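A.B. asks: pasting the sequence and the predicted coordinates here, then a few questions.
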Amino acid sequence: MPLGRVLSTAKRPQCRFATFLPTLLKFAGMLTVRAPATSANLGSGFDVFGVALERPADVVRLEKADRVTIEMTGAGSQYIPEDPDKNTVGAVAEALDAPARIQIDKGVRPASGLGSSAASAAAAAVGLNELYDRGYSREELVPIAAKGEAVVSGDAHDDNVAPSIMGGFTIATEKGVTQVDADIPLVACLPDIVVSTRDARNVVPETARVDQMVETVGNAASLTTGMHRDDPELVGQGMHDTVVTPARAKLIDGYEQVREAALTAGATGVTISGAGPTVIAACAEEDRRKIASTMLDAFGDCGVDARVYQTRIGGGAEVF
Ligand SMILES: Nc1ncnc2c1ncn2[C@@H]1O[C@H](COP(=O)(O)OP(=O)(O)OP(=O)(O)O)[C@@H](O)[C@H]1O
Ligand SMILES: N[C@@H](CCO)C(=O)O
């Protein structure tokens, strides 16, 4: 038999096994889902815009059971309650009437501004929908996963769960979610500071001037067009915001210095990721590494430890 034939037949069973593994596991009543971290707001799109990040991510293993139980491991898991009434996945399991043993391996630290609580909720929504054959579309799963967010922040906003479930760039409004696949390099720098979404919402101004509104509309339109064109310059320009971001920046030691340093290193735009404290920068691919080390150094100069993710816009939750 020719060598090529031997290789191709030897490989085939492996590929088939990989393809059918999720189906086999589902048949056995278990599934694993990887749901990405996200960055909400992007400056001009407060409570509306979001992007899925290629990394980091939560990995959630689900197994059918008589009642909901939760086990936490990974980044910051010691601070996350395993009580289903207090964990975002508990509310999702209840909404889908899908009891399960849920094991969450946190890749996304809680209170990070990287949609940590939303990533687990998104994974649970996608996985339990599949495990229990509930038949919801990805878009229909967004408000279900958002019920988990309500548990931690008191508000069921969809801007983090939408990109974690659907991938790409998402525009979440009361009418539903618009999703665009986009490819923009990003740097997410997470300082060793905790900012809870609840606290960060308390400092959001209640009013804005008309000139700020005009500016915000212009920036949001630029950012959306930039996402359609995969244009980091336009996306960065659209991340500018003078309403919510300055109020929240006061909660993040070193924010202004890190922002300035990233812009000087070539970032096309810099803002607070979600409710903070992560600072996120858009950039061209070739500048990403330099911007990442510059942001780390700038936090360091302010006496703040940080870690950095060189990432980009990625896909939504994956079942495997
Ligand atoms: N499965 C979960 N994963 C992470 N945090 C959770 C989970 N369930 C409950 N929590 C609680 O949610 C809070 C963190 O959520 P919060 O929305 O404040 O941060 P975040 O999701 O990282 O940020 P953001 O929404 O601004 O991107 C913590 O108090 C944490 O204990
Ligand atoms: N849009 C939300 C995201 C955090 O969950 C906020 O900034 O408060």
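C.D. replies: Structure received. Ligands and ions are numbered 1, 2, ... in the order given.
A.B. asks: where along the stretch 201-320 of the chain do the helices fall?
C.D. replies: Taking DSSP state H, counting those that start in this stretch, the helices of the stretch 201-320 of the chain run over residues 210-229, 232-238, 244-249, 255-264, 288-301.
A.B. asks: quick one, domains of the chain?
C.D. replies: 3-179+315-319, 183-312 (automatic domain parsing).
A.B. asks: how about the helices in the stretch 51-200 of the chain?
C.D. replies: 88-95, 116-131, 138-153, 161-166, 197-202.
A.B. asks: next, format the ones you listed as CSV and append mean neighbour count.
C.D. replies: For glycine as for every other residue, the C-beta is placed from the backbone atoms N, C-alpha and C. Shown next, in CSV, are the helices of the stretch 51-200 of the chain (neighbours: other Cβ atoms under 10 Å):
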stretch, mean neighbour count
helix 88-95, 25
helix 116-131, 30
helix 138-153, 22
helix 161-166, 33
helix 197-202, 17
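A.B. asks: turn those into JSON lines, including distance to A172 and mean pLDDT.
C.D. replies: Supplementary listing: the helices of the stretch 51-200 of the chain in JSON lines, determined by distance: least, Cβ to Cβ, whole Å; pLDDT from 0 to 100:
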{"stretch": "helix 88-95", "distance to A172": "17", "mean pLDDT": "97"}
{"stretch": "helix 116-131", "distance to A172": "11", "mean pLDDT": "97"}
{"stretch": "helix 138-153", "distance to A172": "7", "mean pLDDT": "91"}
{"stretch": "helix 161-166", "distance to A172": "4", "mean pLDDT": "98"}
{"stretch": "helix 197-202", "distance to A172": "15", "mean pLDDT": "88"}
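A.B. asks: okay, these in CSV with distance to ligand 1 next?
C.D. replies: Below are these laid out as CSV (distance: least, Cβ to the nearest ligand atom, whole Å):
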stretch, distance to ligand 1
helix 88-95, 4
helix 116-131, 3
helix 138-153, 4
helix 161-166, 10
helix 197-202, 4
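A.B. asks: right, and these - which one's nearest A317?
C.D. replies: Nearest to A317, of all the helices of the stretch 51-200 of the chain, is helix 116-131, at 4.3 Å by Cβ to Cβ.
A.B. asks: counting by contacts, list what the closest one packs against.
C.D. replies: Applying 3 or more Cβ pairs under 8 Å, 6 or more residues apart in numbering; DSSP states H and E, we find helix 116-131 packed against strand 30-40, strand 49-64, helix 88-95, strand 100-106, helix 138-153, helix 161-166, strand 318-319.
A.B. asks: who touches the shortest one?
C.D. replies: What that stands for is strand 318-319. P22, L31, T32, V33, R34, A35, V126, G127, E130 (Cβ atoms under 8 Å, 6 or more residues apart in numbering).
A.B. asks: redo that, cut-off 10 Å
C.D. replies: 22, 25-26, 31-36, 57, 59, 62, 123, 126-127, 129-131, 167 (Cβ atoms under 10 Å, 6 or more residues apart in numbering).
A.B. asks: roughly how far does A40 sit from R55?
C.D. replies: 17 Å (Cβ to Cβ, to the nearest Å).
A.B. asks: near ligand 2, which residues of the stretch 151-300 of the chain show up?
C.D. replies: S153, H157, D159, N160, T197, A200, R201, G274, A275 (Cβ under 6 Å from any ligand atom).
A.B. asks: recalculate using a threshold of 5 Å.
C.D. replies: D159, T197, G274, A275 (Cβ under 5 Å from any ligand atom).
A.B. asks: separation between the first one and V142?
C.D. replies: According to Cβ to Cβ, D159 and V142 sit 10 Å apart.
A.B. asks: any residues in contact with both of the two?
C.D. replies: Counting by Cβ under 10 Å, 6+ apart, the residues touching both D159 and V142 are T170, A172, V177.
A.B. asks: out of those residues, which are inside strands?
C.D. replies: T170, A172, V177 (DSSP state E).
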